[in-house]
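Q: everything below, folded, please.
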Amino acid sequence: MDEGMDFDLLAASLRSDSSDERTFLEVLGNKLQDALPGATVVEREGGLLHREHRVARLVVTLGTVAFELRRRGDHLEAERKKIVRGIALKSEPIPLGEWIEELSAALVEHAKGSAEARAALERFLVQ
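A: Here you go, the predicted model:
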């Protein structure tokens, strides 16, 4: 696939999943954990008495940027963090739409770095 097409397709895929915030975090967390397990951390909520362990927080770290999405009551909060030597130096809340665009661009850039990352992006798109 064309690299520009990859970004457009990925961003469109993420945007289409975001229409229902209640399931968006769940779907995205599962997709990213399957496609990029080394770059993705998914935290789940729910104790022993809960049958379902919903995704409460998702962090995708690509290079020097971490993209965090977390559930706060009935809505989602998105944040971008600048990472230097494993430490978050700057955290900035951003609108969900902007978070999706920036994550998409970072994923496409990450995929340019290796065949393995490219295959992970393609797996993400077909899930």
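Q: for this structure, longest strand please?
A: strand 75-84 (DSSP state E).
Q: that one pairs with which strands, parallel or anti?
A: Strand pairing for strand 75-84, using DSSP bridges, gives strand 65-72 (antiparallel), strand 87-94 (antiparallel).
Q: longest helix in this protein, please.
A: Within the chain, and with DSSP state H defining each element, the longest helix by residue count is helix 96-112.
Q: quick check, distance from that helix to the centre of its chain.
A: Distance of helix 96-112 from the chain centroid (CA atoms, centre = their mean, to the nearest Å) equals 8 Å.
Q: list the buried residues of it.
A: For helix 96-112, a neighbour-count test (16 or more other CB atoms under 10 Å) marks 96, 99-104, 106-108, 110-111 as buried. Every residue, glycine included, has its C-beta placed from N, CA and C.
Q: a markdown table for those, including distance to residue 30 and pLDDT?
A: Below are those laid out as a markdown table (distance: CB to CB, whole Å; pLDDT from 0 to 100):
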| residue | distance to residue 30 | pLDDT |
| --- | --- | --- |
| 96 | 18 | 90 |
| 99 | 18 | 92 |
| 100 | 16 | 88 |
| 101 | 21 | 88 |
| 102 | 21 | 92 |
| 103 | 15 | 91 |
| 104 | 17 | 86 |
| 106 | 19 | 89 |
| 107 | 16 | 86 |
| 108 | 20 | 84 |
| 110 | 19 | 84 |
| 111 | 19 | 82 |
